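*Asks:* Pasting the sequence and the predicted model now:
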Amino acid sequence: MDYTATAQVAAPAGVLWGLLVDVEGWPGWTRSVVMATRVDGGPFRVGSRARVQQPRGRAQVWTVTELVPEQRFTWEAHNPGLQFVASHVLTAEDGGTRLDLTFGLRGPLRRLGAVLGGHQIRGYLELEAAGLKARAEHDSSAQS
(Lines give C-alpha, C1' and ligand atoms only; values in the text may rest on other atoms or scores of the structure.)
Protein backbone atom coordinates (compact mmCIF):
# COMPACT_ATOMS: atom_id res chain seq x y z
CA MET A 1 0.00 0.00 0.00
CA ASP A 2 1.51 3.29 -1.12
CA TYR A 3 0.41 6.85 -0.48
CA THR A 4 1.80 9.84 -2.40
CA ALA A 5 1.70 13.63 -2.10
CA THR A 6 2.98 15.87 -4.88
CA ALA A 7 3.75 19.58 -4.96
CA GLN A 8 5.09 22.02 -7.55
CA VAL A 9 7.69 24.15 -5.77
CA ALA A 10 8.98 27.50 -7.03
CA ALA A 11 12.51 26.80 -5.81
CA PRO A 12 15.53 24.93 -7.17
CA ALA A 13 15.98 21.26 -6.24
CA GLY A 14 19.12 22.16 -4.29
CA VAL A 15 17.11 24.24 -1.82
CA LEU A 16 14.66 21.41 -1.18
CA TRP A 17 17.50 18.90 -0.94
CA GLY A 18 19.22 20.95 1.75
CA LEU A 19 16.03 20.97 3.81
CA LEU A 20 15.41 17.25 3.32
CA VAL A 21 18.87 16.05 4.34
CA ASP A 22 18.84 18.31 7.42
CA VAL A 23 16.60 15.76 9.13
CA GLU A 24 16.94 17.41 12.54
CA GLY A 25 15.41 20.57 11.04
CA TRP A 26 12.19 18.87 9.91
CA PRO A 27 10.13 19.90 12.96
CA GLY A 28 10.78 23.50 11.88
CA TRP A 29 8.87 23.13 8.61
CA THR A 30 6.30 20.37 9.18
CA ARG A 31 3.85 19.71 11.99
CA SER A 32 3.97 16.00 11.11
CA VAL A 33 7.35 15.62 12.87
CA VAL A 34 7.79 16.61 16.51
CA MET A 35 11.36 15.30 16.92
CA ALA A 36 14.07 14.11 14.56
CA THR A 37 17.60 13.19 15.61
CA ARG A 38 20.42 11.71 13.55
CA VAL A 39 21.59 8.47 15.15
CA ASP A 40 24.92 8.71 13.35
CA GLY A 41 27.11 11.58 12.22
CA GLY A 42 28.69 12.65 9.01
CA PRO A 43 27.16 13.35 5.63
CA PHE A 44 23.67 12.07 4.86
CA ARG A 45 24.25 8.89 2.82
CA VAL A 46 23.08 5.31 2.29
CA GLY A 47 23.19 3.73 5.74
CA SER A 48 22.49 7.00 7.61
CA ARG A 49 19.97 6.59 10.41
CA ALA A 50 17.62 8.96 12.19
CA ARG A 51 15.09 8.60 15.00
CA VAL A 52 11.86 10.36 14.01
CA GLN A 53 8.87 11.01 16.29
CA GLN A 54 5.52 11.97 14.81
CA PRO A 55 2.59 13.42 16.80
CA ARG A 56 0.96 10.00 17.16
CA GLY A 57 2.89 6.79 17.70
CA ARG A 58 6.32 5.95 18.96
CA ALA A 59 9.63 7.11 17.55
CA GLN A 60 10.92 5.07 14.62
CA VAL A 61 14.52 4.59 13.51
CA TRP A 62 14.78 5.17 9.75
CA THR A 63 17.70 3.92 7.66
CA VAL A 64 18.58 5.41 4.25
CA THR A 65 18.55 2.64 1.62
CA GLU A 66 18.92 4.68 -1.57
CA LEU A 67 20.27 8.17 -2.23
CA VAL A 68 21.02 10.20 -5.34
CA PRO A 69 22.14 13.70 -4.25
CA GLU A 70 19.70 16.50 -5.08
CA GLN A 71 17.33 13.99 -6.73
CA ARG A 72 15.99 11.42 -4.27
CA PHE A 73 16.41 9.37 -1.16
CA THR A 74 14.50 6.44 0.26
CA TRP A 75 14.57 5.23 3.82
CA GLU A 76 12.94 2.43 5.77
CA ALA A 77 11.79 1.68 9.32
CA HIS A 78 11.23 -1.93 10.35
CA ASN A 79 8.74 -3.25 12.89
CA PRO A 80 7.56 -6.82 13.50
CA GLY A 81 5.17 -7.62 10.64
CA LEU A 82 5.14 -4.10 9.23
CA GLN A 83 7.80 -2.10 7.42
CA PHE A 84 7.58 1.54 6.38
CA VAL A 85 9.28 2.76 3.19
CA ALA A 86 9.35 6.49 2.44
CA SER A 87 10.79 8.12 -0.67
CA HIS A 88 11.51 11.78 -1.38
CA VAL A 89 11.90 12.59 -5.08
CA LEU A 90 12.88 15.94 -6.59
CA THR A 91 12.49 16.56 -10.32
CA ALA A 92 13.77 19.83 -11.78
CA GLU A 93 11.19 21.54 -13.97
CA ASP A 94 11.04 24.93 -15.67
CA GLY A 95 11.06 27.53 -12.93
CA GLY A 96 11.14 25.08 -10.04
CA THR A 97 10.95 21.54 -8.77
CA ARG A 98 8.36 18.80 -8.63
CA LEU A 99 8.28 17.17 -5.20
CA ASP A 100 6.93 13.62 -4.81
CA LEU A 101 6.68 12.12 -1.33
CA THR A 102 5.64 8.47 -1.10
CA PHE A 103 4.99 6.38 2.00
CA GLY A 104 4.57 2.63 1.63
CA LEU A 105 3.51 -0.14 3.97
CA ARG A 106 5.10 -3.58 3.53
CA GLY A 107 4.84 -6.91 5.32
CA PRO A 108 2.05 -9.18 6.51
CA LEU A 109 0.36 -6.43 8.57
CA ARG A 110 0.30 -3.87 5.72
CA ARG A 111 -3.47 -4.14 5.14
CA LEU A 112 -4.22 -3.68 8.83
CA GLY A 113 -1.80 -0.76 8.91
CA ALA A 114 -3.60 0.81 5.94
CA VAL A 115 -7.01 0.42 7.58
CA LEU A 116 -5.86 1.82 10.91
CA GLY A 117 -3.43 4.47 9.67
CA GLY A 118 -4.19 5.31 6.03
CA HIS A 119 -6.00 8.57 6.81
CA GLN A 120 -3.22 9.69 9.14
CA ILE A 121 -0.51 8.76 6.61
CA ARG A 122 -2.22 10.82 3.89
CA GLY A 123 -2.54 13.76 6.28
CA TYR A 124 1.12 13.61 7.29
CA LEU A 125 2.26 13.45 3.65
CA GLU A 126 0.17 16.51 2.79
CA LEU A 127 1.57 18.40 5.80
CA GLU A 128 5.13 17.49 4.79
CA ALA A 129 4.65 18.46 1.13
CA ALA A 130 2.99 21.79 2.04
CA GLY A 131 5.54 22.59 4.75
CA LEU A 132 8.53 21.76 2.57
CA LYS A 133 7.10 23.79 -0.31
CA ALA A 134 6.49 26.83 1.90
CA ARG A 135 9.93 26.71 3.53
CA ALA A 136 11.81 26.09 0.26
CA GLU A 137 10.00 28.93 -1.51
CA HIS A 138 10.65 31.26 1.42
CA ASP A 139 14.34 30.31 1.60
CA SER A 140 14.72 30.59 -2.19
CA SER A 141 13.17 34.06 -2.33
CA ALA A 142 15.32 35.19 0.61
CA GLN A 143 18.44 34.14 -1.33
CA SER A 144 17.38 36.16 -4.40
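*Replies:* Now that the structure is in, tell me what you want to look at.

*Asks:* thinking Val34 is in contact with Pro27, fair?
*Replies:* Yes - the pair Val34 and Pro27 qualifies as a contact (CB atoms under 8 Å) at a distance of 5.9 Å. C-betas here are computed from N, CA, C, even on glycine.

*Asks:* Just checking, which helix or strand of the chain averages the lowest pLDDT?
*Replies:* helix 110-143 (a mean of 93; mean pLDDT, DSSP states H and E).

*Asks:* what packs against that helix?
*Replies:* strand 2-9, helix 13-21, strand 82-93, strand 96-106 (3 or more CB pairs under 8 Å, 6 or more residues apart in numbering; DSSP states H and E).

*Asks:* Kindly reformat the ones you listed as CSV containing distance to Gln143, mean pLDDT and mean neighbour count.
*Replies:* Listed next are the helices and strands packed on helix 110-143 as CSV, based on distance: least, CB to CB, whole Å; pLDDT from 0 to 100; neighbours: other CB atoms under 10 Å:
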stretch, distance to Gln143, mean pLDDT, mean neighbour count
strand 2-9, 14, 97, 17
helix 13-21, 8, 96, 20
strand 82-93, 17, 97, 17
strand 96-106, 14, 97, 19
